[in-house]
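**Student:** Please work out how this folds:
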Amino acid sequence: MGLALPSLEAMQPALASSEVVAPAPKRMLAVCNNLGLLPDKFFPDQAGFDYELSPYLSSLAEYRRRLTVCSGTSHPGVDGSHASDVSFLTAAPHPGSGGFRNSISLDQVVAGHVGRLTRFPSLTLGVNVKAGRRSLSWTDGGVLIPCEDSASSVYAQLFLRGSQKELEEQSRRLKLGHSIMDVLRDQAHSFQRRLNAADRIRMDQYTTAVRDVERRLTELQQWEKKPKPKPSTTAPVDPADPSQYVEKTRLMYQMSRLAFETDSTRAITLLLDSNNSPTLSLDGANITDGYHNLSHHGRSEVKLRQLQAIDTAHMDLLAELLSDLSRVSEPTGTLLDNTMVLYGSNMGDANKHTTDNLPVLLAGGGFRHGQHMAFNRQNNYPLSNLFVSMLQQFGIETDTFRSATGAMRGL
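**Tutor:** All right, here's what the predicted structure looks like:
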């Protein structure tokens, strides 16, 4: 005869360890402020884990062990001054040249691998962006994906379901799209035998694109049948004026967090078009000139003080975002633990229009954080290496992305 011990609390960890907890999905938010930050206020003086926080990074002091600062990085061949923001996530060279053609952006590579798992393969957001003119997101054919610059519209896409009549109309449009794709595919097949080798390559690319659209239409039809998630907050009210840049940015950060929290998407880009922003309305600061004019400060103390106030507001907004992400618990860690937040700029120094020594930081996402990774400021390290590391965190087996020479060392 034997006796069994009663269930004791001391036994729970051993019992629980046999249960397999599915890891939370990885996500990515990539933010580009296209007028950058004052370099001497952003970059730390020391490298490694024991660096002293710079004035700007002091806003992020609570998260220093959960982020990595990079200096001495850029995209080789990416010049073009203000035109270079379109290459921030693509690394396509010479964006200001007449024959420039962009390439696929980092987020769209991610969307191609995990986008089918969510209602939206990716979200492309912007603040004060000229419609159809600027974007961080580009297809594999180098086509711009327009930015959505209304937080209320993003909220509606994520959470609001239309009336029965609107749903039926959407279903009809999706079916019509399928019919058009069928016709295009049939026409392409009829041409195939009359084409030379070069045209066959182009036609293969075309039919591949058609198949991708067909697949996406099928996925959309399936998602239309599923209820949208319930939001944890009410709908935002869009600021009426571009001068309310800070509030517009805050709302886009909130929409990004909601999208990740509800697993509506796993890849988001946000272009902060500072170059296209007017004189900002900023609490506690007297901003008297347009953002772009301030960036050309010429070492004017008056302009530098105003620009530093704006840059500090950016860092405070980023700290607020990291705080919001860290408060959301998931089966494995927090939302911040599972989200890569890339913040940077295409401009190393907007006053001089330089595109090297870019201000870059990466927070969250499961990396070995807490350090300032200082690379050569005369011979910059490829920023695309960081992109390779981010792709690998998604489980994508690759060691290349445009100008990359491999994954970033030390992460």
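
**Student:** Show the backbone phi and psi for A374.
**Tutor:** Dihedral pair for A374: phi -100, psi 110, per degrees, to the nearest 10.

**Student:** check contacts around the closest residue in space to it that isn't next to it in sequence.
**Tutor:** Using C-beta to C-beta, 6 or more residues apart in numbering and skipping residues adjacent in sequence, the residue nearest A374 is A47, 3.7 Å away. Heads up, the C-betas are built off the backbone N, CA and C, glycines and all. Applying C-beta atoms under 8 Å, 6 or more residues apart in numbering, we find A47 in contact with Q371, H372, M373, A374.

**Student:** got it, and S277?
**Tutor:** By C-beta under 8 Å, 6+ apart, S277 lies in contact with V127, N128, P242, S243, Y245, G290, Y291, H292.

**Student:** coming back round to it: closest one of the contacts of A47 to L136?
**Tutor:** Nearest to L136, judged by C-beta to C-beta, of those is M373 at 22.5 Å.

**Student:** Stretch 86-100 - what's its average pLDDT?
**Tutor:** Averaged across stretch 86-100, pLDDT comes to 94.

**Student:** which residues sit against that stretch?
**Tutor:** So stretch 86-100 is contacted by 30, 32, 34, 75-81, 83-84, 101-107, 134-138, 142, 144, 269, 344-346, 382-384, 387, 401-404 (C-beta under 8 Å, 6+ apart).

**Student:** Next step: those residues restricted to helices.
**Tutor:** L106, D107, S384, F387 (DSSP state H).

**Student:** hmm, which of the contacts of S277 are the buried ones?
**Tutor:** Using 16 or more other C-beta atoms under 10 Å as the burial test, the contacts of S277 include V127, N128, P242, S243, Y245, G290, Y291, H292 as buried.

**Student:** okay if I get those residues as JSON lines plus secondary structure and pLDDT?
**Tutor:** JSON lines is the format used below for those (DSSP: H, G, I helix; E, B strand; the rest coil; pLDDT from 0 to 100):
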{"residue": "V127", "secondary structure": "strand", "pLDDT": "98"}
{"residue": "N128", "secondary structure": "coil", "pLDDT": "96"}
{"residue": "P242", "secondary structure": "coil", "pLDDT": "95"}
{"residue": "S243", "secondary structure": "coil", "pLDDT": "96"}
{"residue": "Y245", "secondary structure": "helix", "pLDDT": "97"}
{"residue": "G290", "secondary structure": "coil", "pLDDT": "94"}
{"residue": "Y291", "secondary structure": "helix", "pLDDT": "96"}
{"residue": "H292", "secondary structure": "helix", "pLDDT": "94"}
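
**Student:** Rebuild the contacts of S277 as TSV, extending it with distance to K352.
**Tutor:** Formatted as TSV, those follow (distance: C-beta to C-beta, whole Å):
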residue	distance to K352
V127	24
N128	23
P242	26
S243	26
Y245	23
G290	18
Y291	17
H292	14
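
**Student:** M340: which of these is nearest?
**Tutor:** Among the contacts of S277, V127 lies closest to M340 (C-beta to C-beta), at 20.3 Å.

**Student:** what's the burial count for the residue nearest to L272 when sequence neighbours are not counted?
**Tutor:** Spatial nearest neighbour of L272, chain neighbours left out: N33 (4.4 Å); criterion: C-beta to C-beta, 6+ apart. Other residues near N33 come to 28 when the count uses other C-beta atoms under 10 Å.

**Student:** same thing with R101?
**Tutor:** Residues lying near R101 (other C-beta under 10 Å) number 12.

**Student:** show me what contacts the residue nearest to it when sequence neighbours are not counted?
**Tutor:** Sequence neighbours aside, G142 is the residue nearest to R101 in space, at 4.8 Å (criterion: C-beta to C-beta, 6+ apart). The contact partners of G142, taken as C-beta under 8 Å, 6+ apart, are A92, R101, N102, S103, I104.

**Student:** hmm, which two among those are most spread apart?
**Tutor:** R101 and I104 (11.5 Å).

**Student:** Where does pLDDT dip in the stretch 51-200 of the chain?
**Tutor:** By pLDDT under 70, the weakly predicted segments of the stretch 51-200 of the chain are 162-195, 197-200.

**Student:** Tell me which stretches of it form strands.
**Tutor:** 67-71, 73-74, 123-127 (DSSP state E, counting those that start in this stretch).

**Student:** need those in a markdown table with distance to L336, can you?
**Tutor:** Formatted as a markdown table, the strands of the stretch 51-200 of the chain follow (distance: least, C-beta to C-beta, whole Å):
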| stretch | distance to L336 |
| --- | --- |
| strand 67-71 | 10 |
| strand 73-74 | 23 |
| strand 123-127 | 18 |
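
**Student:** in a helix, that's where Y253 is, yeah?
**Tutor:** Yes. Assessed with DSSP: H, G, I helix; E, B strand; the rest coil, Y253 lies in a helix.

**Student:** hang on, it packs against S323?
**Tutor:** No. Y253 sits out of contact with S323 when judged by C-beta atoms under 8 Å, with a separation of 10.6 Å.

**Student:** out of the two, which sits in the more crowded spot?
**Tutor:** Neighbours were counted for Y253 and for S323 using other C-beta under 10 Å; Y253 has more, 24 against 12.

**Student:** Phi first, then psi, for the closest residue to the more buried one other than its chain neighbours.
**Tutor:** Distance criterion C-beta to C-beta, 6+ apart; nearest residue to Y253, sequence neighbours excluded, is L321 at 4.4 Å. Main-chain dihedrals, L321, degrees, to the nearest 10: phi -60, psi -50.

**Student:** Tell me the spacing between L321 and D241.
**Tutor:** Distance, L321 to D241, by C-beta to C-beta, to the nearest Å: 23 Å.

**Student:** for L307, same thing?
**Tutor:** Here the criterion is C-beta to C-beta. By it, L307 lies 20 Å from D241.

**Student:** how about the helices in the stretch 101-250 of the chain?
**Tutor:** Here the stretch 101-250 of the chain has its helices, by DSSP state H, counting those that start in this stretch, at 106-114, 151-159, 164-191, 197-224, 245-261.

**Student:** the strands in the stretch 251-400 of the chain, which residues?
**Tutor:** 267-272, 339-344, 360-363, 372-374, 381-382.

**Student:** what's the domain layout of this structure?
**Tutor:** 24-160+230-393, 162-226 (automatic domain parsing).

**Student:** I'd like the ones you listed as TSV, with distance to L411 appended.
**Tutor:** Converted to TSV, the domains of the chain look like this (distance: least, C-beta to C-beta, whole Å):
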stretch	distance to L411
domain 24-160+230-393	5
domain 162-226	32
